[in-house]
Structure formats: structure tokens, C-alpha cells
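J.: sequence first, then the predicted structure:
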Amino acid sequence: MAVETNAAPAPAGHSPAVTWRDRWQTFRLSAWLGWQVESNWADPLLFAVYSMAKPIASALILVIMYRIIANETAEALFPGMYVGNALFMYVGALMFGVSWVIMEEREYFQILKYIYLSTASMYWYLAGRAVAKFLITTLAVVILLAFGAAFLDLPLRLSQVDWGLFATVFPLGILTMIGLGYLLAGVLLISARHGSGYVESVAGALYLLCGVVFPLDVLPGWLAAAGKVIPVTYWLEGLRRALLGQSFAQALAGYSDGQIVLWLAISTVVTLGVSVWFFGRMDHVARSRGLIDQVTEH
Amino acid sequence: MSAPLSVDVQNVSRQFVTKKGQTFWALRDASLQVQEGELFGLLGPNGAGKTTLIKILSTLLLPTSGQARVAGFDVVREADKVRRVINMVSGGEHSGYGILTVRESLWLFSQFHGLPSKAALARIDELLEVVGLAQHAHTRINKLSTGMRQKMNFVRGFLNDPRVLFLDEPTLGLDVETSRILRSYVKRWVKEKPGRTILLTTHYMAEADELCDRLAIIEGGRILACDTPANLKRTMQDEVVLRMEVYPSLAEPQRLAQLPGVLRLVPDRGQNGHQVLTWGLADDGVIGTVIQALQQDGVRILRLEKADPTLEDVFMRMVGRRLTDGNGQSNHSA
């Protein structure tokens, strides 16, 4: 789009097309904005200390609880549990990072309608806003895994990591979480109260169903079946195999690495497709109800 | 040949449902056409339906029925295309990323509109100078006063040089001098930029009168009249408008409103406990009757003038009350 000019604009019926460059620009700007928002609350040193202390403290609580109640069999599951718990931080952070933008921009900054009125694609904008959370979470996960390897006998050796599997599985999972973020963003578009509750509820359900800290095998059959259609389950399984070289759940032990990747890819595509469609529908509902610029102060 | 239409509204209605399940119409069968290059006003009190119409035209709200096109695009089916050629300024808002500076925030939006960064910054600096905010360019938004935020939002509306610009009460809550500067810029912008169109909503009569090429009077969700300010005022030529300042206040103004030849009587509070009466009279001959009636009531006339009709008079005649009745705001403040 051209900058200010005294020339007449294109005649009625003509509108500049949105290109992939525009979408990338939206993503980039949104990521910059997200970083400004995320890193605003403290000075860099305090921010770094908080980023390290919080995940380690949370993990240690879990580790101590686990070690108290664990028998020999359960002890064998410790690496999978520890890695699963560390990686699950991405799920909450990205779902929250993508979806909470709706609430924050509409209610707090009261700017959502102006984003709508720009050429920015909402999908790329929402994904971009989660980049800061992704980076902060990555730092926390790396610290947590290093802490586990150094002090908790976590059998994680960089030389033994299956980097090929890791590089395949990891981004697919990130796409899944962005998709889940779109789903929640759609819900938040048409609601005001209980916004954070929705996100926490979904994160809690995934924590239970996806075999984060215990294998799917211990769940009742129908819950285990539900867990097996959620892409996060395959993402965690794939990453455990890549990082630790071992499976966590008997229910998935029969799957080859290729099958895990295939299921993850299929379920990611389905999740993304459904979430993009759902967000579009909720966008329409929000416009029909006049909710795009509502300020409820909840 | 007439200019192409920038805004075409055909029988647009919008219904809302309250939390108690009651329905009400914010807009009913509204139709209007705005030509390219026009500065068109929507004049009406709070709750008249002005903002609802602006929201529909800017694609933020769907109409319940009817059709609307902006710059040739349907606002429902081609919302994405509409958004690429419009912008909006809403008055009385506190919007903005408090953590960013004024310049950063405006730059961000210039980039969302696809402007080259360098040119955008030059334009931002120029516009900040125009609205008198240049010295606060590097101030964080959360440190700005309401008026300063309003100025910044005003600048944001002009950043992408939109083909159609919606100004929704742009001077709401601003001081007189700032309002004057913004009005002056609006007039200049639409004159100097060929093909640009502005749709302005306001409940300030003076603003509508000063700025608009044409305007629509809207009340209760219905468009009551649509013409140039001069033509609208000309419809008042068949009556005499008389304004007077009296003391003490009339005890029963409605009784005097029943006098023969009195078409309207609108009492208003004046300064120092005085009362301002605006009369709509059938002809000059009724003036004597009015003065006599006031004297009989023991009311002294401190000032009296036969006034040219204003848009306020037009509104009062059409709606039966003052534009600002019920919203507690003065139409003279801007």
C-alpha cells in the first residue's frame, strides 16, 4: 500500500491485495509487540531470575511428590514424567499466548477493533503475539532439562538425542498448540467472563489426557482413547523418544517413530483446519452480536 | 455527472437484545448515499444510532437487515476489502498500548497498514506536529492525558491516508482550541486529497454546521432528514425563531407553549439564575402576544433577539426536543 499522497486513490471497487509479505510483516510486528508486553514488567535481571526460578521450583515440587510415592516401577517412569512435565509448559504458554490476546486487546488495551480495521491478518497477528511466550518458555524448558540432567539423573545426553525426530516432531506440536490457541481465541471472542478459566480448563484437560506425568495406560479405557486422538499426546511421545530414546506409555510403545510422526502430522492438520474454521465462525458471531469492541471490565 | 458513491446504505436496520432478553432497534431502515469527496455528517443525540451505523460501515458489526457498501465493497461479504481502504477515529476512548510511546504505537499501526517505515515515521512526525503532540512523541501512552490520547488516536486514523474515513465524535471531551485544530485539519484533508470521503458523527451542532457538506439528522435509529446544512436551515424559513433571556424563570413554560401562533417553546438554563427561552413562532405578529403573556406572569425580559435558524432549531422542530436533552452535554463546548 502506498504512503500518503495527494493523488486520487484507486477507484471504488479496488482494494489492495494482501500478500504473503504482508502476513509475514504482521507476524513480525506482532512478535515485537508481544515481546514489549511480556518483558515490560521487570528489569532484565529480575526477569531472567524469575524465568529460571519459576519452572525449577514447580518441577521440584512435582519431583519431590513423585519420589515420595514412587516404587521401583514408577521410578523407571521418572525421566518420561520429568520431560513430559517440562515440555507441557509449551502447551499452556502457547494456548494462552495466542488466545489471551483477544481479551487483553479488547478489554485492557481497547485496541482490538483497530487491529481489525488494519490490513493485519488476525491469524498471523495472534500467532505472532505468542512468540515472546514461546521464547521465554523455551528458556525455561532448556533450564529445566539441564537441571534434570545435572542434578536429578535424567538420562538426557545431547550426543544421544535423535535430532532428526526432534526437528520433525517439535514444530508440528507448536503448530498444534497455535491451532488450539485459535480455538480458544474464538471462544474468548464471544465471551467476556471466565476467559482465563476456559484456557486453564483446556490446559488441565490436556494435562490429564495426554500422558504428561503418568502414562496413558493408567487412565480408564475411554479416557485413554480420548487421549489418543489428541495431537499433544503424540507430540510428547515423539519428543520423549527423541530426547530419551524411550517410550513412556505401553499404549504407544507399539507405534514406530514414523507412525507417531504420521499421527501427529494428521492430527495437527485437522486441529489447524478446525481451529481456523472455528475462529472464522466465532469472528462472524462476534460481529453479529457487536462484541468486537465490547469492554466489560471483567 | 455525479461523483461515484463512497458510502451506499440501503434500508439498514440493526436490532440488539439486552441482557434481560428485551429487543430494541438501534437503527431502522436507514438509507443514505455519500459521494466521493464529501464530508458527510450524522447529527443526532447519544443513542440515536450514529455509532451503530459507523460500526456497520466499518465492518465491526453486522446489520440485522439491509445492505451497505463502502468504496464499492459490501460490508458483510467483502469486509476484508473494506478494511483495506478505511480507517476510523472514535472519540472519548482510552485505547492504546500503554507500554509503547506515542511514536512507537503510531509506527506499529502504520506498519499494520503496510506503509514503508521511513515514510510512515515522517508522516507521523508531521501529523503529531499538526495536533500539537510532537513534544510527547516519546512519551509512553500510559502517561498521556485523555485529550492527548485522543489526539494520538486522531493521528492513527489518518496514517494510512484512507479512502473513506469514519470520525465518530472525534472532538468528544477535547478543549475548544484542540477541537478547532482538529476540525481545521479535517477540512483541509478532505479538500486537498482528491477522492477521499469523511463520514463524521457528532452531537455538536457547530461542528456539523462548520464541517459538513451534507448531513443527516438521526434520532431513534431513523434518519429524519438529509441535506446540506443551509437547505436544512432553509426549511425553518416559514417560522420565526426568537431567543430571549428572562428573569425569574417561567413557572409553567408549557402553558405559554399553548399560546396561539407558538409552534415551540424550549426553556434552557442561563447564567446567573436567568432562563433562556427559544421560541418557534408562526409569524412576527405572535411576538407581541408572547411579550404580553410574559409580562402578565411577572417575568422580566432581559434580552431579546430574532435569530437566524440553527441546526439546533431544525432538530428541535423535527424531534420536539433539544439535541443535548438527556445526555447532559453542551453542544457549545466544542
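T.: The structure has been received and is ready for your questions.

J.: all strands for the stretch 151-300 of chain B, in order.
T.: If you assign secondary structure with DSSP state E, counting those that start in this stretch, the strands in the stretch 151-300 of chain B sit at B:164-168, B:197-202, B:214-219, B:222-227, B:240-247, B:262-269, B:275-281, B:300-307.

J.: export the last one as PDB, just CAs?
T.: Extracted as PDB, the C-alpha positions of strand B:300-307 are listed here (Å, rounded to 0.1, in the frame of the first residue of the first chain):
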ATOM      1  CA  ARG B 300     -38.800  40.400  33.000                       C
ATOM      2  CA  ILE B 301     -37.300  40.200  29.500                       C
ATOM      3  CA  LEU B 302     -33.500  41.000  29.900                       C
ATOM      4  CA  ARG B 303     -32.500  40.300  26.300                       C
ATOM      5  CA  LEU B 304     -34.400  39.600  23.100                       C
ATOM      6  CA  GLU B 305     -33.300  38.700  19.600                       C
ATOM      7  CA  LYS B 306     -34.800  37.500  16.500                       C
ATOM      8  CA  ALA B 307     -32.400  34.700  15.500                       C
END
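
J.: can you list the strands that it pairs with?
T.: Applying DSSP bridges to the sheet, strand B:300-307 is found paired with strand B:240-247 (antiparallel).

J.: buried residues, the partner strand. List them.
T.: Within strand B:240-247, the residues scored as buried using 16 or more other CB atoms under 10 Å in any protein chain shown are B:240, B:241, B:242, B:243, B:244, B:245, B:246. Using the backbone N, CA and C atoms, a C-beta is placed for each residue, glycine as well.

J.: quick one on the thing from earlier: can you lay out the strands of the stretch 151-300 of chain B as CSV showing mean pLDDT?
T.: Output for those, formatted as CSV (pLDDT from 0 to 100):
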stretch, mean pLDDT
strand B:164-168, 96
strand B:197-202, 94
strand B:214-219, 94
strand B:222-227, 94
strand B:240-247, 90
strand B:262-269, 86
strand B:275-281, 89
strand B:300-307, 90
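
J.: tell me which of those sits most buried.
T.: Of the strands of the stretch 151-300 of chain B, the one with the most neighbours on average (mean count of other CB atoms under 10 Å in any protein chain shown) is strand B:197-202, at a mean of 28.

J.: which residue ranges form the helices in chain B?
T.: When assigned using DSSP state H, the helices of chain B occupy the ranges B:50-57, B:79-83, B:102-112, B:117-130, B:146-158, B:176-192, B:205-211, B:229-234, B:253-256, B:286-296, B:311-319.

J.: where does chain A dip in pLDDT?
T.: Scanning chain A with the threshold set as pLDDT under 70 gives A:1-16, A:41-42, A:72-73, A:194, A:297-298.

J.: switch to 50 and redo it
T.: A:1-5 (pLDDT under 50).

J.: can you check which helix is longest in it?
T.: Assignment by DSSP H gives helix A:257-289 as the longest helix of chain A.

J.: any idea of the angle that one forms with helix B:50-57?
T.: Helix A:257-289 and helix B:50-57 meet at an angle of 140 degrees, taking axes from the mean of the first three to the mean of the last three CA atoms, to 10 degrees as the criterion.

J.: and chain B, is helix A:257-289 touching that?
T.: Yes. Using CB under 8 Å from any CB of the partner chain, helix A:257-289 reaches chain B at A:284, A:287, A:288.

J.: how about the last one, nearest residue that isn't a chain neighbour?
T.: Computed as CB to CB, 6 or more residues apart in numbering or on different chains, the closest residue to residue A:288 that is not its neighbour in sequence is residue B:62, at 4.5 Å.

J.: okay but that neighbour is in contact with residue B:76, surely?
T.: Yes. With contact defined as CB atoms under 8 Å, residue B:62 reaches residue B:76; the gap is 6.0 Å.

J.: hang on, the earlier thing: now list the buried members of the residues of helix A:257-289 next to chain B.
T.: The neighbour-count test (16+ other CB under 10 Å) marks residue A:287 as buried among these.
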